[in-house]
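Undergrad: I'll drop the sequence and a predicted model, then ask my questions.
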Amino acid sequence: MTPDPAIRAEGLTKRYGDTLAVDGLSFVLPRGATWGLLGGNGAGKSTTIAMLLGLLVPSAGRVTVLGHDMARDRFAALARMNFSSPYVALPHRLSVAENLRVYAHLYDVPRAGTRIAELAEALQLNEILDRPAGQLSAGQKTRVALAKALVNRPELLLLDEPTASLDPDTGDWVRSWLERYQAESGCAILLASHNMAEVERLCGHVLMMKRGRIVDQGSPADLAARFGRDNLEDVFLDIARNRSAAGAKIGESTA
Ligand SMILES: Nc1ncnc2c1ncn2[C@@H]1O[C@H](COP(=O)(O)OP(=O)(O)OP(=O)(O)O)[C@@H](O)[C@H]1O
């Protein structure tokens, strides 16, 4: 029997008053795959991730995560997934170690001390374990947020801008680390990012969002070839500026 996919989104929709933030999104993220979620500001990426996590209730549509329906069976799914976003602050008065212990407890992680020690070693946290989370640099916070995101050995990891505000060296370190971690653990990753080089490097498949819809998708190389471009950054600009794969303005008559 084939395993349930990491994510199955069917007609996922979120409306805020007159704003259709996410408009009928459907996709299936296979187990063990790393996919990118791209789109300009306001395209609907964070809203999508919040619905995938069950933090926001969809206005319409359905999400199953690892076979669990998020509307009915959210806690079973949450135990097997995790997320990281620079916009979600860890309790800032607690030390790094206390934070990780709290999250390990929330996820009911067996042998939590051993798991935290493993993550501290892997993510180079040993020297900051006793520091309050609120006093860390952006790079240190990112590493702690990743440790928090991995504490329950998730089978699905949702990453919203995992390297935002990191210097190029630290960003590269985090990307290499994620690449290695994904290869070793086989977890599926959905990565929302504005960093095209990052997406090209990490993602086998990319969903291009615009105004709440998927307007194109494929591997970074396929998308670049289809748009006649060398890289994903130029494809992104073409889509943002309404140029279709054929070079015409999207919506223009080609007759
Ligand atoms: N709580 C909210 N109330 C009303 N409108 C919202 C709310 N959250 C998001 N929106 C709107 O929904 C749309 C999608 O926003 P969302 O944050 O999902 O986009 P995004 O792709 O993550 O953007 P960015 O790259 O800027 O983070 C935007 O038009 C935004 O203004």
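TA: Done, it's in.
Undergrad: tell me which parts of the stretch 1-150 of the chain are close to the ligand?
TA: 16, 19, 21, 39, 41-47 (Cβ under 6 Å from any ligand atom). Quick note: C-beta positions are derived from backbone N, CA and C, even for glycine.
Undergrad: same thing but 5 Å
TA: Neighbours of the ligand within the stretch 1-150 of the chain, by Cβ under 5 Å from any ligand atom: 16, 19, 21, 41-47.
Undergrad: Now, these that are in strands?
TA: 16, 19, 21 (DSSP state E).
Undergrad: low pLDDT regions in the chain?
TA: For the chain, the stretches flagged by pLDDT under 70 are 1, 87, 244-255.
Undergrad: picking that back up, of all the residues of the stretch 1-150 of the chain next to the ligand, which comes closest to Arg131?
TA: Closest approach between these and Arg131, by Cβ to Cβ: Ser46, at 28.3 Å.
Undergrad: Go through the residues of the stretch 1-150 of the chain next to the ligand and flag which are in helices.
TA: Using DSSP state H, the subset of those located in helices is 45-47.
Undergrad: can you give me the strands for the chain?
TA: Using DSSP E, strands in the chain cover 7-16, 19-29, 34-39, 60-65, 68-69, 81-84, 156-160, 188-192, 205-210, 213-218.
Undergrad: now those strands in CSV, with mean neighbour count?
TA: Below are the strands of the chain laid out as CSV (neighbours: other Cβ atoms under 10 Å):
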stretch, mean neighbour count
strand 7-16, 19
strand 19-29, 18
strand 34-39, 25
strand 60-65, 20
strand 68-69, 17
strand 81-84, 22
strand 156-160, 24
strand 188-192, 25
strand 205-210, 22
strand 213-218, 17
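Undergrad: Columns distance to Gly54 on top of these, output as TSV?
TA: Output for those, formatted as TSV (distance: least, Cβ to Cβ, whole Å):
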stretch	distance to Gly54
strand 7-16	12
strand 19-29	14
strand 34-39	17
strand 60-65	8
strand 68-69	10
strand 81-84	10
strand 156-160	11
strand 188-192	14
strand 205-210	20
strand 213-218	21
